[in-house]
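K.L.:
no sequence on this one, just coordinates:
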Ligand SMILES: [Cu+2]
C-alpha cells in the first residue's frame, strides 16, 4: 500500500514538473527567446556548481561515515589482508586527487564559462606537453598499481606453504548453503567422483577407495579455524555462481560451477582478540556469499571462529568423519539383519 502511494506521489511530482516546464516554454515565447535562454543558462550553471559542492561534501562524508563498514581503516585480521588493505590505500591515494581535480574542472567549467555575450570562445587546438603529461603520469601509476596487484594476487592464489602444516578445507556452495569439508589429520582431501554422489549416504561423492577420505569431516554448523596457521580453501559450486568472502580477512573468491578456485590465507587474530580489539564482545567473524545467488542468498551466512591451536585440535577430535558414521550405520543394519535372521532361525530352533 505504502509503495503504491509512493509511486503515485512520484508520478504526480513528474506531472507537475512537466506542466511547469510547459508553462515556462509558453512564457518564453511571450517574453522573447534570448532573454529566456540566458536566464536558463544561469540557472543550469548554478545547479552545476551546487552539484559539485554538495556532491563532494556527500562523497567525503559517506567515505568517512562508512569507513569501518568498508574496511578502509579497520585493521585486517590475516596476513594477506594487510597487503590488500595497503593496495586499497595506494589506489585510493592515486585516484583521489584525480577524482577531485577532474570533477572541479568538469563542473567548474560549466559554471565559469556559461554563455556570456561579451566573451568570445578561445581557439586552443593542441598542447603536446600537456598531453604527454596526462598520458605518461597515469600510465606509470597504472603500471605500478597493476604490478603490485599481480604480486599480491599470485601470493594469495599460489600453493599454500607445505612446510607449515597448512590446514586444507573445501567449501562447496549451493543454493543456499556452504558445505565445509576439513581434510582431517592427514591434511589431504579425499578424491570425489560424481557417479558416486548419493543424496542420502554420500552427498559429495567421496571415493571410499581413497584412504584420504576416511578422516574427512564436514563442519557441523559454524566454521572453526586455527590462528597463525595457513589455511588453504578450495572452492566449488554446484549450481550457480556464489562467492566465498571473509570480510575481516579481506579475502574473497568466486565459487564457479565446474571451475575449481582456491586461495590461502592466515588468520592472525583469534575471535577473542578481535572482540577485544574492536571493543565489541558480540563480534563474530563471518563467511558471506557475495554473489547474489537467488532468493535465500542471505541464508548463506556462516559464523567463523578463530581459536588457539590447542582448542582447534580439541574441536577437531570431537568431529566425526562421514566415513565413520557410514561404517557405524552399516554395522547396525548388519546387526539388525542378523537379529532378524536369528529370530527366524530361533523359531526354527525352538
Ligand atoms: Cu550464494
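P.N.:
Yep, it's here. All figures in this text were calculated on a predicted structure; none of them were measured in a lab.

K.L.:
For stretch 149-161, buried residues please.
P.N.:
156, 160 (16 or more other Cβ atoms under 10 Å). Bear in mind the C-beta positions are built from the backbone N, C-alpha and C, glycine included.

K.L.:
outside of it, which residues touch it?
P.N.:
The contact list for stretch 149-161 (Cβ atoms under 8 Å, 6 or more residues apart in numbering) reads 80, 83-84, 87, 166, 168, 230-232, 251, 262-265.

K.L.:
With stretch 275-286 instead?
P.N.:
74-75, 77, 246-249, 269, 271, 274, 301-306.

K.L.:
taking the contacts of stretch 149-161 one by one, which sit in strands?
P.N.:
168, 231-232, 251, 262-265 (DSSP state E).

K.L.:
Okay, domains of the protein per the record?
P.N.:
38-115+127-158, 164-327 (automatic domain parsing).

K.L.:
right, and these - which one's nearest the ion?
P.N.:
Counting by Cβ to the ion, the ion lies closest to domain 164-327 out of those; the figure is 3.2 Å.

K.L.:
coming back round to it: pick the most deeply packed of the domains of the chain.
P.N.:
Ranked by mean neighbour count under mean count of other Cβ atoms under 10 Å, these are led by domain 164-327, which reaches a mean of 17.

K.L.:
Find the centremost residue of the chain, please.
P.N.:
residue 290 (4.4 Å; Cα atoms, centre = their mean).

K.L.:
what about the helices in the stretch 101-250 of the chain?
P.N.:
128-157 (DSSP state H, counting those that start in this stretch).

K.L.:
In the protein, where is pLDDT below threshold?
P.N.:
31, 68-75, 338-350 (pLDDT under 70).

K.L.:
who in it is up against the ion?
P.N.:
With Cβ under 5 Å from the ion as the criterion, the chain meets the ion at residues 242, 289, 293, 300.

K.L.:
With distance to residue 177 and secondary structure as extra columns, can I get these in TSV?
P.N.:
Shown next, in TSV, are these (distance: Cβ to Cβ, whole Å; DSSP: H, G, I helix; E, B strand; the rest coil):
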residue	distance to residue 177	secondary structure
242	10	strand
289	9	strand
293	11	coil
300	6	helix
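
K.L.:
Dump the contacts of stretch 149-161 into TSV; add distance to residue 212 as well.
P.N.:
Shown next, in TSV, are those (distance: Cβ to Cβ, whole Å):
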residue	distance to residue 212
80	27
83	32
84	32
87	36
166	15
168	10
230	19
231	18
232	15
251	25
262	17
263	21
264	19
265	23
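
K.L.:
Check those and tell me the two furthest apart.
P.N.:
Spatial extent of the contacts of stretch 149-161 (Cβ to Cβ) is set by the pair 87 and 168 at 26.5 Å.

K.L.:
just the strands in the stretch 201-350 of the chain please.
P.N.:
Ranges of strands in the stretch 201-350 of the chain, per DSSP state E, counting those that start in this stretch, are 217-218, 223-226, 231-237, 242-246, 251-255, 261-265, 285-289, 302-307.

K.L.:
Now do the shortest one: distance to the chain's middle.
P.N.:
Centroid separation for strand 217-218 versus its chain: 25 Å, with Cα atoms, centre = their mean, to the nearest Å.

K.L.:
Neighbouring strands of that strand in the sheet, and parallel or not?
P.N.:
strand 177-182 (antiparallel) (DSSP bridges).

K.L.:
and the angle from the strand it pairs with to strand 285-289?
P.N.:
120 degrees (axes from the mean of the first three to the mean of the last three Cα atoms, to 10 degrees).

K.L.:
what's next to strand 177-182, contact-wise?
P.N.:
167-172, 189, 203-204, 216-219, 223, 244, 287, 289, 299-300, 302, 316, 319.

K.L.:
Strand 302-307 and that one, what's the angle between them?
P.N.:
Going by the same axes, to 10 degrees, strand 177-182 makes 30 degrees with strand 302-307.

K.L.:
Might you report the residue contacts of residue 187?
P.N.:
165-168.

K.L.:
Actually, residue 274.
P.N.:
77, 248, 283, 285, 306.

K.L.:
got it, and residue 205?
P.N.:
Residue 205 neighbours (Cβ under 8 Å, 6+ apart): 192-198.

K.L.:
Roughly how far does residue 124 sit from the ion?
P.N.:
For residue 124, the distance to the ion equals 53 Å [Cβ to the ion, to the nearest Å].

K.L.:
Distance check, that residue against residue 206.
P.N.:
Per Cβ to Cβ, to the nearest Å, residue 124 is found 71 Å from residue 206.
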